[in-house]
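Participant: Whatever this is, show me its structure:
(one chain, ligands or ions: 2)
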Amino acid sequence: MKHLLKLSDLTKDEILSILNLADQLKYERKNGIHKDYLKGKKLGMIFQKASTRTRVSFEVGMYELGGYPLFLSSNDLQIGRGEPVQDTARVLSRYLDAIMIRTFAQQEVEDLAKYGSIPIINGLTDYAHPCQVLADLMTIREVKGSFRGLKMAFVGDGNNMANSLIVGAIKMGMSFAIACPEGYEPDAELIKWAKENGDFTITSCVEEAVKDADVVYTDVWASMGQEGEKQKREQAFAGFQVNKQYLSVAKSDVMVLHCLPAHRGEEITDEVFEEHASEIFEEAENRLHAQKAVLVKLLKN
Ligand code: CP
Ligand code: NVA
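Facilitator: Ligands and ions are numbered 1, 2, ... in the order given. Take a look at the predicted model:
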């Protein structure tokens, strides 16, 4: 593994190996075992969108591994004034050991990898959020013990989260069902891939998707960059909500996950969110462990 640009670049074994290392790093942290796996390594973190979890977990993670994180807001970089990503990649490759980037176009992340000479990590694009899904898979395995025979249901927008969850779930052998309104489907090529490689359902009926699910996942109706579509989306997504009524057709021990930030009363009710808060915040914590594992895999000599 040279980069983490999107989950479809990784094999099942590579994903499992990251999850195993993440479990180990979580255990070490909980038991006060400190090892400088990445002593002296420098990670640049470019943010063209807001972030709470990704920024703090990468920054703390790098520090805990003995390395040095640099927060690079695009407002302050020349990239924000139009310096091409090809040039930024070649310059930063000479100072840093790896770059994490959160941006809009997936192509920008791919270009950083193409023109730079250091590992690139996708910290969210409009297309994918692989770091989040590694933490989600880690959380599912912690709670359920394995992925065997599990069904994941996603309710809402066929966005970056849906795209990456489809790949993660199908690669791990889970079945996947998404309920989304017409016109808000996930990436067409990914749907085709999922149908060819696993048990995949797409429907506009929330009940059908959630039926017998072991894991129910949702995300915001309007993602970062779509603020102008808020009203239109509120209409389109009305009813695409994780609530008690829909959860009653899932398995009785269903897990509810949310990448956060959550909009209570929109994609999820406050009641369901609070009932599943321990899972959701464990999921958020696991961002730290999963990303530390990615960093070690990419950077340890
Ligand atoms: N889930 C997630 O990526 O959160 P942030 O936007 O706060 O980084
Ligand atoms: N789909 C959301 C995920 C946030 C972590 C967004 O892109 O804003």
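
Participant: For the stretch 201-301 of the chain, just list every one of the strands.
Facilitator: Secondary structure of the stretch 201-301 of the chain (DSSP state E, counting those that start in this stretch): strands located at 215-218, 255-258.

Participant: closest one to ligand 1 among the ones you listed?
Facilitator: Closest approach to ligand 1 among the strands of the stretch 201-301 of the chain is made by strand 255-258 (8.6 Å; C-beta to the nearest ligand atom). To be clear about C-beta, it is placed using only N, CA and C from the backbone, and glycine gets the same treatment.

Participant: Tell me which strands that closest one pairs with, and in which orientation.
Facilitator: Strand pairing for strand 255-258, using DSSP bridges, gives strand 215-218 (parallel).

Participant: Just checking the distance from the strand it pairs with to the centre of its chain.
Facilitator: 13 Å (C-alpha atoms, centre = their mean, to the nearest Å).

Participant: Now do it: everything it contacts.
Facilitator: With contacts defined as C-beta atoms under 8 Å, 6 or more residues apart in numbering, strand 215-218 is touched by 136, 140, 144, 150-156, 161, 165, 174, 210, 241-242, 246-247, 250, 254-258, 267-268.

Participant: near ligand 2, which residues of the stretch 151-300 of the chain?
Facilitator: Residues of the stretch 151-300 of the chain lying close to ligand 2 (C-beta under 6 Å from any ligand atom) are 159-161, 219-220, 223-224, 259.

Participant: What subset of those residues is buried?
Facilitator: With burial judged by 16 or more other C-beta atoms under 10 Å, the buried subset of those is 159-161, 219-220, 223-224, 259.

Participant: Put together CSV for the residues you listed, with distance to D187 on each row.
Facilitator: Listed next are these as CSV, based on distance: C-beta to C-beta, whole Å:
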residue, distance to D187
N159, 10
N160, 9
M161, 12
D219, 15
V220, 18
S223, 14
M224, 18
C259, 17
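
Participant: Which single one of these is nearest to ligand 1?
Facilitator: Distances from ligand 1 to those, taken by C-beta to the nearest ligand atom, are shortest for C259, at 4.0 Å.

Participant: I'd say that closest one and D136 touch.
Facilitator: Yes: here C259 reaches D136: they are 7.4 Å apart, a contact under C-beta atoms under 8 Å.

Participant: can you pull the buried residues of stretch 152-171?
Facilitator: For stretch 152-171, burial by neighbour count (16+ other C-beta under 10 Å) applies to 152-171.

Participant: no wait, stretch 174-189
Facilitator: Across stretch 174-189, burial judged by 16+ other C-beta under 10 Å covers 174-181, 184-187.

Participant: For it, C-alpha coordinates in CSV please.
Facilitator: The C-alpha trace of stretch 174-189 is given here as CSV (Å, rounded to 0.1, in the frame of the first residue of the first chain):
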residue,chain,number,x,y,z
MET,A,174,-21.3,-8.0,4.3
SER,A,175,-24.5,-7.5,2.4
PHE,A,176,-25.4,-3.9,1.7
ALA,A,177,-28.7,-2.1,1.1
ILE,A,178,-29.2,1.6,0.5
ALA,A,179,-32.4,3.5,0.7
CYS,A,180,-32.1,6.8,-1.1
PRO,A,181,-34.4,9.1,-3.1
GLU,A,182,-34.4,9.0,-6.8
GLY,A,183,-31.6,11.2,-8.2
TYR,A,184,-29.5,10.8,-5.1
GLU,A,185,-27.9,7.4,-5.8
PRO,A,186,-24.3,6.5,-5.1
ASP,A,187,-21.7,6.5,-7.9
ALA,A,188,-23.0,4.4,-10.8
GLU,A,189,-19.8,2.5,-11.4
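
Participant: Residues contacting that stretch, please?
Facilitator: 127, 147, 150-159, 162-163, 165-166, 169-170, 191, 194, 198-206, 208-210, 213, 215, 236-237, 240.
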